[in-house]
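In: next comes the sequence, and after it the predicted model I'd like to discuss.
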Amino acid sequence: MRRSALYRAPRGTSDILPQEQAYWRYIEQKAVSTTQLYGYERIDCPVFEGTQLFDRSVGEDTDIVEKEMYTFEDRGGNSITLRPEGTAPVCRAYLEHGMHNWPQPVKLYYLTSIFRYERPQAGRYREHHQFGCEAIGDSDPALDAEVIDLAWQLLYSLGLHRITLQINSIGCKDCRPAYLAILKEYYAHGTPDLCPDCQARVVRNPLRLLDCKNPQCQSVADAAPKSVDHLCPQCQEHFSRLKEYLGLLSLPFRINHRLVRGLDYYTRTVFEIQPEAEGSQTTILGGGRYDDLIEQLGGKPTPAIGFATGLERIVLNLKREGVPIPPLPRPQVFIVYLGDAAKAKAIKQTAALRRKNIGALTAPGGKSLKAQMRQANALGIHYAVIIGEQELQTGTMILRDMTTAEQQTIPGEQLEDWLTARR
RNA sequence: GUGAGUGUCGCCUAGCGGUCUAAGGCGCCAGGUUGUGGCCCUGGAGAGCGUGGGUUCAAAUCCCUCCACUCACCCCA
């Protein structure tokens, strides 16, 4: 038993410890710098929203709304939900702040925690973190291509090279009903033994029939009518232009006729990026167009497209692929002292260096010289400075390079310059 | 919601009915002469074996309960 662990992080949540932070900082920095290249600006929305926002946008028949939301009543009696996805809040903000008056499309990115009540497993948590981009206010397939390009470049530049891009078009509100009718018709005939889930889907959410993973449904779904064969002329045009633009960008995409997504708001373009490696959590990044969402939320008809990617899954894949991660910066110098007079000097010197933006440490407590040196070494500090009686009297310091074990004595007043030169 | 697996010091692991007042490695702390790290050596702190119950003369070791965690299904990032 862990006596020290009377309290534990709630199921499906985890502490991101210092030794993991290099991964997170790496991804964050790359995400920020990459999106800047495409003109995105950051937005941070509240951790919770009114429950209705998600009911309306994500779709009441989706798993997320049906059984995965953290919903509760606040003290004022309002139904509140911890955000289970990032797009709806951004759209809410778009409307609330009149962003339709900004230059269109409005390009926003977010980096936040997401909450879903699920059974945790590898790459799936109750609290996880998503990085997402939304481009709101333009329907040009060139924008679709640009967003997909951004998603691809982000993952690729992180060092994930063994990835695949899949796209599909699931039509719009004009042509999808007819397609769904055809799909239902197909499933109504000649489909002897569907899994129980699919039997329910035929009525409730026929599009989802296509991505059923149940073996007995595979062949049926494979041979099902394809959405791309039943697009209206506008959607057809949109999709073929998209493919053309993706070609221009040299993005190696594959059309997956069975790619549909689990949120109801998607229209036309949907896409996913998956790692080539085996594993249960196949989707590392997913997104698509949602041309009707803003209108559904009470705005004017406003086309939009976006994607989101799970940071935990990126970390998982970075580790699996053995991608080298740049280490986080450490203090440059550790000041070691001998005796009380030297300790006072060390404290002053450490503070002075910090005020000059040089990371510096000194050991609290009455540690021996040996212990201080050990600590400097264990922390991976590049330089040690030693101040003892002799140095105090001569106004010098011993400067030791911990990586080469070379050391020299320098005048104390030169320390700052010396370190600055070697930063 | 369903299924499978696991549960011994901070981490990893040994022990599989008595020799366990539980062992080792990593890590941590302190030393290895007088002012110096990494290797090496010595010592120290640190668990009573997830929980409750049962079987037994005897349980970390067998059985059951519950709990937790992990993995997988579903779905999603």
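Out: Cool, got the structure.
In: since we're on the closest residue to RNA strand B within the stretch 201-350 of chain A, how many residues are nearby?
Out: The nearest approach of the stretch 201-350 of chain A to RNA strand B comes at residue A:262, 1.0 Å away (CB to the nearest atom of the strand). For every residue, glycine as well, the C-beta is placed using N, CA and C. Other residues within reach of residue A:262, judged by other CB atoms under 10 Å, total 17.
In: surely it is in contact with residue A:63?
Out: Yes: between residue A:262 and residue A:63 a contact is recorded at 6.6 Å, counting by CB atoms under 8 Å.
In: what residues does the stretch 201-350 of chain A put near RNA strand B?
Out: Within reach of RNA strand B by CB under 7 Å from any atom of the strand, the stretch 201-350 of chain A has these residues: A:208, A:211-214, A:261-263, A:272, A:279-286, A:308-310, A:312-313, A:338.
In: what's the PyMOL syntax to select whichever of those residues are buried?
Out: Entered in PyMOL, the line below selects the buried ones among those, by 16 or more other CB atoms under 10 Å:
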select buried, chain A and resi 208+212+261+262+263+272+281+283+284+285+286+308+309+310+312+313+338
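In: per-residue confidence at residue A:320?
Out: Note on residue A:320: pLDDT of 88.
In: not counting its neighbours along the chain, what's nearest it?
Out: Closest residue in space to residue A:320, ignoring its immediate chain neighbours: residue A:277 at 5.8 Å, by CB to CB, 6 or more residues apart in numbering.
In: likewise residue A:347?
Out: Spatial nearest neighbour of residue A:347, excluding adjacent residues (CB to CB, 6+ apart): residue A:362 at 6.3 Å.
In: gap between residue A:289 and residue A:11?
Out: Using CB to CB, to the nearest Å, residue A:289 is found at 35 Å from residue A:11.
In: looking at the two, which one has more neighbours?
Out: More crowded of residue A:289 and residue A:11, by other CB under 10 Å: residue A:289, with 28 against 10.
In: the more buried one reaches residue A:271, doesn't it?
Out: No: taking contacts as CB under 8 Å, residue A:289 lies outside contact range of residue A:271: 9.4 Å.
In: quick one: the strands in the stretch 1-150 of chain A, in order.
Out: For the stretch 1-150 of chain A, applying DSSP state E, counting those that start in this stretch gives strands covering A:41-42, A:48-50, A:70-73, A:79-82, A:106-115, A:127-136.
In: any idea which of those is most buried?
Out: Per residue and on average, the most neighbours among those fall to strand A:127-136, with a mean of 23 (mean count of other CB atoms under 10 Å).
In: parallel or antiparallel, list what pairs with that one.
Out: With DSSP bridges as the test, strand A:127-136 is paired with strand A:106-115 (antiparallel), strand A:304-310 (antiparallel).
In: can you list the residues of the stretch 1-150 of chain A near RNA strand B?
Out: So the stretch 1-150 of chain A meets RNA strand B at A:1-4, A:8, A:10-12, A:62-64, A:85, A:114, A:116, A:118-125, A:128, A:130 (CB under 7 Å from any atom of the strand).
In: out of the residues you listed, which end up buried?
Out: Buried members of these, scored by 16+ other CB under 10 Å, are A:12, A:62-64, A:85, A:114, A:116, A:123-125, A:128, A:130.
In: ok, residue A:148 - how many residues close by?
Out: Around residue A:148 there are 26 residues (other CB under 10 Å).
In: same deal with the one 5 residues further on?
Out: Other residues within reach of residue A:153 by the criterion other CB under 10 Å amount to 17.
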